[in-house]
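Visitor: give me coordinates for this.
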Amino acid sequence: MFTKIKKRYIVPIILSGFLFVGMSFSKDFFEIAKQIEIFTNLYKTVNMNYVDETNPGELMDKAIKSMLADLDPYTNYFNEADVVKFKINNTGEYTGIGAMITRKEGKIIIKEPYKGYPADKAGLKAGDEIIQIGDVNLADFKEDASQLLKGAKNAKVALKFIRQGKTLTADLVLDEVDVKAVPFYGKTNDNTGYIVLSQFNRKASQETQAALMDLKNQGVDRIILDLRGNPGGLLGEAVNICNLFVPKGEVIVTTKSKIDKHNVTYKTTRNPIDTEIPLVVLVDGKSASASEIVSGALQDLDRAVVVGSRSFGKGLVQRPMDLTYGTQVKVTISRYYTPTGRCIQALDYSKKDANGKAIKNEEKNFTAFKTRGGRTVYDGGGILPDVVLVETQLSAIAEALQKNDAVFDFATIYYYKNPSLGAKVPQLTDADFSEFKIFLKKKNFSFDTETEKALKKTLEAAQKEKIDENIKTEYQNLLAALQKSEELQLNKNKAEIMQLLTDELIKRYQYKEGLYAYYILNNSEVKKATTLLNNPTEYNKILK
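Guide: Numbering: from 1, shown residues only. Below is the predicted model of the structure:
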């Protein structure tokens, strides 16, 4: 009965929603109305006549998401469940188990338990594979199982999980989880402060200010702001964080759209904390969006030296808009521009290559701009640091090892072989690196390099055309040569890979807080930033 009711009413509701959108684009109204009519008839006809029972909500969900995927990766439709997750990401608060989890090959894996939260208290560790939540066997559960790990505060959840081949159980008590925007801050030496800003939620500027004030009270007179790996978040918080270091009334970012009301200039509105304190901002290829607004604005205003590697290059602004029945659409409404007028968007989603991927802006087409002090900066490809450090750029082989969880999985094995390290930093040896390479071969890890992908596609095409037997020898020779090349790449990038393994292992023994404490004394980028700040002549030379 419920399905029939949905069939009868869902189309008029969606139609009215589309018509509302259509009215704001009057010049295209006829074409929009025509396409809505075609879609409505198709949707109704399929749901009423398809041989098996359909799920109208699921069909519509997929249709909308597929349509939006052709625009850019940031324009997204959120059903009711998605909206809850989206709000968590923006506020930094939710009730749950307090752990980063991932879904891999239909399994739920604990990636990182947060110190002192329910998962940690119950003894769950990184690498644990959850196979049952309450009475729900996840092997038979096709929906988003992570929702089963959320609920009312103090609710009890029974888990069954696999650890190192053994099936274990745990009882968790759900609690409020406060995801910190600033998970760590400290001092790299007596007068240099270090602040890690990991996301731009509603508490980002508040927590950054609190860290800055505390460090100043401890005698700090120079600051490192670490935005590496920060994917962004709320634009307003980016402006507020810049406001800690620049005067009231400064233009930080401007958004430009085809709709006038989305054309906005964002200025600092508060009295700053410190406009003179020397400042280094660390960025890398995973620093995006709001991270690029902060680093780009402070660079344009000659207020900070940016150190690291070129940032991601996301110069698009999204806004969530409420739809009916608790759903939302997050729409790319404008592009943002730094104070000099730069748009640092790296990919042009209006132009696609033969594989349907957006085309990257070429460096030869970048436009030059001048900072307030006359330094030359460029648009079109993220924020290029004032001091470029090669070590912040992951090699292709290292990136593949992280992407396919080879580093993560090996760290899990190492942790259980060496359970008593505690607060000690793991000292990996050549023997450990050899073990890692043996582990990769045993697990048959795929590096998924472009060459490897192309080779696999060639074999698939040959199998379809039934000529794979004719090229079998050549294929095996090429594969062997490729594997030999990958072995050489592993050896060539040994130091980088060993550092990735060390970082992952420190989190296993000392949580993320321990990793940041390690960074203060050992991370090469942090050490170079500290050295730069302790050399005023060099620092001022870069800015002036």
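
Visitor: from here on, contacts and neighbour counts on C-alpha atoms
Guide: OK.

Visitor: grab the nearest non-local neighbour of Asp185.
Guide: Quick fix: residue 185 reads Tyr, not Asp. Ranked by C-alpha to C-alpha, 6 or more residues apart in numbering and with sequence neighbours excluded, the top spatial neighbour of Tyr185 is Ile195, at 4.4 Å.

Visitor: need the next SSE after the helix or strand encompassing Ser334, C-terminal direction.
Guide: Assigned by DSSP states H and E, Ser334 belongs to strand 328-337. Per DSSP H and E, the first helix or strand lying C-terminal to strand 328-337 is strand 347-352.

Visitor: which parts of that following strand are buried?
Guide: Buried residues in strand 347-352, counted by 16 or more other C-alpha atoms under 10 Å: Leu347, Tyr349.

Visitor: name the helices or strands packed onto that strand?
Guide: strand 358-360 (3 or more C-alpha pairs under 8 Å, 6 or more residues apart in numbering; DSSP states H and E).

Visitor: quick one: strands adjacent to the strand it packs on?
Guide: strand 347-352 (antiparallel) (DSSP bridges).

Visitor: sorry, back to before: next up, the contacts around the residue nearest to Tyr185.
Guide: Going by C-alpha atoms under 8 Å, 6 or more residues apart in numbering, Ile195 touches Val182, Phe184, Tyr185, Gly186, Thr208, Ala211, Leu212, Ile223, Ile224, Leu225, Asp226.

Visitor: if you rank those by neighbours, which is first?
Guide: Neighbour tally across the contacts of Ile195 (other C-alpha atoms under 10 Å): the maximum, 27 neighbours, falls on Ile224.

Visitor: doesn't that one belong to a helix?
Guide: No - under DSSP: H, G, I helix; E, B strand; the rest coil, Ile224 sits outside any helix and is assigned strand.

Visitor: bridged to it, which residues?
Guide: Tyr194, Val280.

Visitor: hang on, isn't it packed against Val280?
Guide: Yes - under the contact definition of C-alpha atoms under 8 Å, Ile224 touches Val280, with a separation of 4.8 Å.

Visitor: overlap in contacts of the two?
Guide: With C-alpha under 8 Å, 6+ apart as the test, Ile224 and Val280 both reach Ala529.

Visitor: check contacts around the residue nearest to Gln345 when sequence neighbours are not counted.
Guide: Spatial nearest neighbour of Gln345, excluding adjacent residues (C-alpha to C-alpha, 6+ apart): Gly315 at 4.1 Å. Going by C-alpha under 8 Å, 6+ apart, Gly315 touches Ser289, Arg335, Tyr336, Tyr337, Cys343, Ile344, Gln345, Ala346.

Visitor: quick check, the last one in contact with Tyr378.
Guide: To tie it back to what came earlier, the one meant is Ala346. No - applying C-alpha under 8 Å as the test, Ala346 and Tyr378 come out as separate, 11.5 Å apart.

Visitor: Phe447: what's it in contact with?
Guide: Counting by C-alpha under 8 Å, 6+ apart, Phe447 touches Ile397, Ala400, Leu401, Asn404.

Visitor: can you tell me how far the residue lying closest to the second one once chain neighbours are set aside is from Gln489?
Guide: Nearest-residue entry for Ala400: Phe447, 5.3 Å, with adjacent residues in sequence omitted and distances by C-alpha to C-alpha, 6+ apart. In this view, Phe447 and Gln489 are 11 Å apart by C-alpha to C-alpha, to the nearest Å.
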